[in-house]
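S.K.: quick one: sequence and predicted model below, then my questions.
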2 protein chains.
Amino acid sequence: MSNRTEVNDYGEFGLIHHLTKNIELQNASSILGVGDDAAVIDHFGKQTVVTTDLLLEGVHFDLAYTPLKHLGYKSVVVNLSDIYAMNATPTQITLSIGISSKVSVEALEEFYDGVYIACEEYGVDLVGGDTSASQKGFIISVTAIGEVNEEKVVKRSTAQKGDLICVSGDLGAAYIGLLFLEREKKIFLESPQVQPDLENESYVIGRLLKPKARKDIVEFLEQQGVTPTSMMDISDGLSSEILHICEKSGVGCVIYEEKIPIAEDSRNAAYKFEIDPTACALSGGEDYELLFTIKQDDYEKLTLNEQISVIGYITEADQGAKIKTKGGNTFDVTAQGWNAFKK
Amino acid sequence: MSNRTEVNDYGEFGLIHHLTKNIELQNASSILGVGDDAAVIDHFGKQTVVTTDLLLEGVHFDLAYTPLKHLGYKSVVVNLSDIYAMNATPTQITLSIGISSKVSVEALEEFYDGVYIACEEYGVDLVGGDTSASQKGFIISVTAIGEVNEEKVVKRSTAQKGDLICVSGDLGAAYIGLLFLEREKKIFLESPQVQPDLENESYVIGRLLKPKARKDIVEFLEQQGVTPTSMMDISDGLSSEILHICEKSGVGCVIYEEKIPIAEDSRNAAYKFEIDPTACALSGGEDYELLFTIKQDDYEKLTLNEQISVIGYITEADQGAKIKTKGGNTFDVTAQGWNAFKK
């Protein structure tokens, strides 16, 4: 009798850890491997940064409401976001796609249009890839490569007690955008004659379908002479990401609910679904903003930038990861968002 | 009315060309992009080499007869083969997989066992990746990175008239192995009580399920001080690959059927299927041997190595790509193999 453990028993991160925990890096040039946003490879002063993401139809995107041009754009941007999260500059990507026979060349061209728009916007070159038939569904695999001076690499594991916790832009919008599109899809399937009602939700839908990688933030920090003490991008929601930083750095944190940046459009949209905007920011994911920590001494240098919010500070590990609510309560941060997720 | 062109109208290479032909490389570090086995990125003397491949269940492999450990091994090796084909040394890989809920952790461990065996054998580090749910089928995406001194990079586009055409190892076996496994699968599905009859076919089946990347050949050439004038790996069959070299280099070629290396086991196995072993070598694919050209002056340096066969020479473009048969006839080389494929 062979044992059988279900993949679900681990969860994604547990599974990756389980499968990769015994890796021993062999090359002197492999500075950083599995476990951060990207891998770092030393090349005589400049370091090469590599990251990869798989996007699958029906899992990561729904072609019922995702225009192919947006999909191509987003497939690139989500990988570049990982490169910026290392404080690096993306330089190249490779792109592999698997496509079923129902996809036309024109549809693929639209997809590639979006890819090339992203490449131009961020100054990266598409340098390789693979195209294959797929039996079912559209499969996208992007690998992004970047470079960074050795001393500028910023990992998840180097936050220290007393550091300030910062996020760029605003959070939660992409998840709320997803709720709208899922609702309209359902209505359309039930009553195809009903026109979609999305006019007032362009902000949250735009955030889902056309996210930005925060090149501007990385460049601003560089101009100000600020190197974050830790950094990652927010792809799975603020809660999940701050827990990664706390765990990897061996620290705790305090986050203030009232400091979490949420756009007015996102708040209004969330209320239509009767959900808490803060819960969306904590657990929503897909915002692709940057979460980073800085030394307190660097605080003054960031105040000019309205795109950066200080939302809390790093504590010692034994104090745990906490969120202080507007109402004065303190909760543990959990990867599913804190318990206010279900209102 | 929107036009619709079918993907099949282009074929894979035509489609890639169609979708990538307008790329303009933006970074000074992007030395070589789409169109060769791997991309080359300059890093101050040493160049980084990157390649990527997508492997899809039901398209590239059949889990009915592919052990997962072999699959993991092969997924890595086919990418490393592309790195060696640039005359480079692989150093890192990233691996992304999409898995359905029917895959157990134990099965994944077997797959990763094979990945790690390949990593150790070839001295590469797994430095990143992504794991995702898939709605259907096992999806594997590997990106391999290597390094090479700037002056040692070997492309497909630099073969010259008079160069000798060489191949490593022997050809055609993997395709014949595939024929056996497909036959046994069919028999099993029709009559599950019949035991598979594969004992005498271990060579051809091994060549399909556990291919090698020709690290040894690249190292041998280096030791002998021979830099090939062009090189690529044979993943789609000798015909298809030599045509790539001819087209990219703007040359023609003459290949001698009698010089094409085919193992005795492969010949015997091919005859059981009543197919021509030469046709298998020309059109079979998946052998992952190296096809390369050398200057005539370097010929003497290769004669000691039994793993290298000289099979022909490069001519001017207007002479076309020709194969001279044992019977004294001359045919055009075609990407489907020459017309003897159907005996």
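M.R.: That came through fine.

S.K.: hey, let's count contacts and neighbours off CA atoms from now on
M.R.: Fine.

S.K.: gap between the most centrally placed residue in chain A and chain B?
M.R.: Nearest to the mean C-alpha position of chain A, counting by CA atoms, centre = their mean, stands A:Ser235 at 2.3 Å. Distance of A:Ser235 to chain B, given as CA to the nearest CA, to the nearest Å: 13 Å.

S.K.: same question, A:Thr158
M.R.: In terms of CA to the nearest CA, A:Thr158 sits 19 Å off from chain B.

S.K.: give me the number of residues near that residue?
M.R.: Using other CA atoms under 10 Å in any protein chain shown, A:Thr158 has 17 other residues around it.

S.K.: residue contacts, it?
M.R.: Taking CA atoms under 8 Å, 6 or more residues apart in numbering or on different chains, we find A:Thr158 in contact with A:Thr229, A:Ser230, A:Lys248, A:Ser249.

S.K.: where does pLDDT dip in chain A?
M.R.: A:1-45, A:336-343 (pLDDT under 70).

S.K.: show me how it divides into domains.
M.R.: As assigned by automatic domain parsing, chain A contains the domains A:7-152, A:164-341.

S.K.: out of the ones you listed, nearest to B:Asp62?
M.R.: B:Asp62 lies closest to domain A:7-152 among these, at 12.4 Å (CA to CA).

S.K.: the strands in the stretch 101-250 of chain A, which residues?
M.R.: Along the stretch 101-250 of chain A, the segments classed as strands by DSSP state E, counting those that start in this stretch run A:125-133, A:139-149, A:164-168, A:230-234.

S.K.: which residues sit against the last one?
M.R.: Contacting residues not belonging to strand A:230-234 are listed as A:37, A:81-82, A:85-87, A:154-159, A:241, A:245, A:285-294 [CA under 8 Å, 6+ apart].

S.K.: just the CA trace of that strand, in PDB.
M.R.: What follows is strand A:230-234, C-alpha atoms only, in PDB (Å, rounded to 0.1, in the frame of the first residue of the first chain):
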ATOM      1  CA  SER A 230      13.100  44.500   3.200                       C
ATOM      2  CA  MET A 231      10.600  44.500   0.300                       C
ATOM      3  CA  MET A 232       8.200  42.300  -1.600                       C
ATOM      4  CA  ASP A 233       5.300  42.900  -3.900                       C
ATOM      5  CA  ILE A 234       1.700  42.400  -2.800                       C
END
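
S.K.: can you show me the CA trace of stretch A:293-303 as PDB?
M.R.: As requested, the backbone C-alpha atoms of stretch A:293-303 are provided in PDB (Å, rounded to 0.1, in the frame of the first residue of the first chain):
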ATOM      1  CA  THR A 293      10.300  48.500   5.400                       C
ATOM      2  CA  ILE A 294      12.700  51.400   6.000                       C
ATOM      3  CA  LYS A 295      14.900  52.600   8.800                       C
ATOM      4  CA  GLN A 296      13.100  55.300  10.900                       C
ATOM      5  CA  ASP A 297      15.900  57.700  10.000                       C
ATOM      6  CA  ASP A 298      14.700  57.600   6.400                       C
ATOM      7  CA  TYR A 299      11.100  58.600   7.200                       C
ATOM      8  CA  GLU A 300      11.600  62.300   6.300                       C
ATOM      9  CA  LYS A 301      12.800  61.400   2.800                       C
ATOM     10  CA  LEU A 302       9.500  59.700   1.900                       C
ATOM     11  CA  THR A 303       7.000  62.300   3.200                       C
END
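
S.K.: which residues sit against that stretch?
M.R.: A:159, A:162-166, A:221, A:224, A:226-231, A:308.

S.K.: report the buried residues of that stretch.
M.R.: Residues A:Thr293, A:Ile294, A:Lys295, A:Asp298, A:Leu302 are the ones in stretch A:293-303 that count as buried (16 or more other CA atoms under 10 Å in any protein chain shown).

S.K.: stretch A:126-138 too?
M.R.: The neighbour-count check on stretch A:126-138 (16+ other CA under 10 Å) flags A:126-138 as buried.

S.K.: and what of stretch A:138-151?
M.R.: In stretch A:138-151, counting by 16+ other CA under 10 Å, buried: A:138-150.

S.K.: say whether chain B is contacted by it.
M.R.: Yes: Stretch A:138-151 is in contact with chain B by CA under 8 Å from any CA of the partner chain, via A:Ser141, A:Thr143.

S.K.: no further questions, thank you.
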